[in-house]
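A.B. asks: Starting from these lines, generate the structure:
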Amino acid sequence: MYARRMVMPRTAKDDFEPHALYYLDDGVYGSFSCIFFDHQHPQPIPLLTSPRPSLQCTLFGPTCDALDTIAKDIVLPELHVGDWLYWRDMGAYTTASTTKFNGFITSKFHYIDSALGVPSAEDSD
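C.D. replies: Coordinates of the predicted model:
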């Protein structure tokens, strides 16, 4: 995650909980095209070293396109810039329709052999 914005109540009369907006370096024009084409709802797993309070959040891709929304109104632990998210089952069909929309390069990805827990020799460049 490379950026975040916290939406907070301005007064005691505001009737909503804080909401985090997180911006990731990949989106629906990249590895998350499965959201549009396959109607998938990938669930992130934060890779954190200590527990953090949970809050409602929305995850966006990098393009500044309103459609580049990866997940809306989900609950995650509070994230900080530089934190990593792990996505299960992001395989071949999640990258088949990637584009270089708005000049963003396609993501580098690594194959993980779950039996070994190590990257394979077939990592992409």
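A.B. asks: how close does the closest residue to Phe60 other than its chain neighbours get to Pro44?
C.D. replies: Once flanking residues are discounted, Phe60 sits nearest to Tyr23: 5.1 Å by C-beta to C-beta, 6 or more residues apart in numbering. C-beta here means a position set from N, CA and C on the backbone, and glycine is covered the same way. Distance of Tyr23 to Pro44, computed by C-beta to C-beta, to the nearest Å: 13 Å.
A.B. asks: Name the nearest residue to Ser97, sequence neighbours excluded.
C.D. replies: Ser33 (4.4 Å).
A.B. asks: hang on, isn't the one you found packed against Thr94?
C.D. replies: Yes - if you go by C-beta atoms under 8 Å, Ser33 and Thr94 touch, sitting 6.9 Å apart.
A.B. asks: out of these two, which sits in the more crowded spot?
C.D. replies: Thr94 (23 against 19; other C-beta atoms under 10 Å).
A.B. asks: Next up, the contacts around that one.
C.D. replies: Neighbour list for Thr94: Ser31, Phe32, Ser33, Cys34, Gln40, Pro42 [criterion: C-beta atoms under 8 Å, 6 or more residues apart in numbering].
A.B. asks: Now name the helix or strand holding it.
C.D. replies: helix 92-95 (DSSP states H and E).
A.B. asks: So which residues of this structure form helices?
C.D. replies: 34-37, 92-95 (DSSP state H).
A.B. asks: what is the rounded mean pLDDT of the last one?
C.D. replies: This points to helix 92-95. Average pLDDT, helix 92-95: 68.
A.B. asks: who's the nearest residue to Ala71 once chain neighbours are set aside bridged to?
C.D. replies: Leaving out its chain neighbours, the residue that sits closest to Ala71 by C-beta to C-beta, 6+ apart is Leu59, at 4.5 Å. Beta-bridge pairing for Leu59 (DSSP bridges): Tyr22, Ala71.
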